[in-house]
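Peer 1: Sequence and computational prediction follow.
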Amino acid sequence: YVATGKTSWVLIGLGLVLAGAVVATQVLSYVHGRFINWLFLFDPKQVDPDGAGYQPMQGLFGLAHGGLVGTGWGQGRPEVTPLAQSDYIITSLGEEIGLIGLFAILCLYMVFVSRGIRIGLAGQDDFGKLLATGLSFTIALQVFIMVGGVTRVIPLTGLTTPFLAAGGSSLVANWLIVALLLRISDAVRSQPRMVIG
């Protein structure tokens, strides 16, 4: 879409994602289990509250306990949720800094992604434009998948939240994205600007 500007590519991509999700749900048992957890989390006939449903339930209870302003830094109980330092870091932060704090974190992500897309739009070579836009979209997609997964907007996956979760290779990859965006930004700023007169 970024290269051509045709909306049909977006629609084709969304259709392929939807078809892939349907096929994966039917073929792969663990994907089917994640969809069952997503759709029927609070139904004890479908999801075992002490088994597969324990982590998402505890995460939601932690977010609810944080409320609007949170319990205070270091005053929450993230240890109640399994993998609170990696997969469920958003729920841990939501409990301690509340909805307002989570909104501030999401705003920082939004600023980061918008600046990356702006770098891409300002570029004069096609490769730099596509690379900057793609890298920015990668960060935005990771945030959407993780925040959407722990809040039950979409089924949960095993990604990490960029720059927050304790994942070594993920952290290195995200800092490489930052380095590439900074390099593209520097190249854009050093290029002479066209003057139309």
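Peer 2: Yep, it's here.
Peer 1: use CA for all of it now, contacts and neighbours both
Peer 2: Will do.
Peer 1: For the protein, which segments are assigned as strands?
Peer 2: For the chain, none of the segments meets the definition of strands by DSSP state E.
Peer 1: how about low-confidence regions in it?
Peer 2: Across the chain, residues meeting the criterion (pLDDT under 70) sit at 192-197.
Peer 1: please redo it, this time with the cut-off set to 80
Peer 2: Applying pLDDT under 80 to the chain picks out residues 1-5, 46-53, 55, 74, 76, 78-87, 123-124, 158, 166-168, 188-197.
Peer 1: Work out which residue lies at the spatial centre of it.
Peer 2: Of all residues in the chain, the one closest to the mean position by Cα atoms, centre = their mean is Val143, 1.5 Å from it.
Peer 1: Check the spacing between that residue and Leu28 real quick.
Peer 2: Applying Cα to Cα, to the nearest Å, one obtains 24 Å for the distance of Val143 from Leu28.
Peer 1: coming back round to it: just checking, the residue nearest to the centre of the chain touches Pro162?
Peer 2: Yes. Between Val143 and Pro162 there is a contact under Cα atoms under 8 Å: 6.9 Å.
Peer 1: what's around Gly134, how many residues?
Peer 2: With neighbours defined by other Cα atoms under 10 Å, the count for Gly134 comes to 17.
Peer 1: Could you report the distance from the residue nearest to the centre of the chain to Val153?
Peer 2: Applying Cα to Cα, the value for Val143 to Val153 is 13 Å.
Peer 1: Could you do Thr71 as well?
Peer 2: 24 Å.
Peer 1: do the same with Glu79
Peer 2: 24 Å.
Peer 1: what does Tyr109 give?
Peer 2: 18 Å.
Peer 1: So for those two, which residue has more residues nearby?
Peer 2: When neighbours are counted by other Cα under 10 Å, Tyr109 and Val153 differ, and Tyr109 comes out ahead with 18 against 14.
Peer 1: any idea what sits nearest that one, other than its immediate chain neighbours?
Peer 2: Setting aside the residues directly before and after it, Tyr109 is nearest to Ala140 in space (Cα to Cα, 6 or more residues apart in numbering), at 7.5 Å.
Peer 1: Lovely, talk soon.
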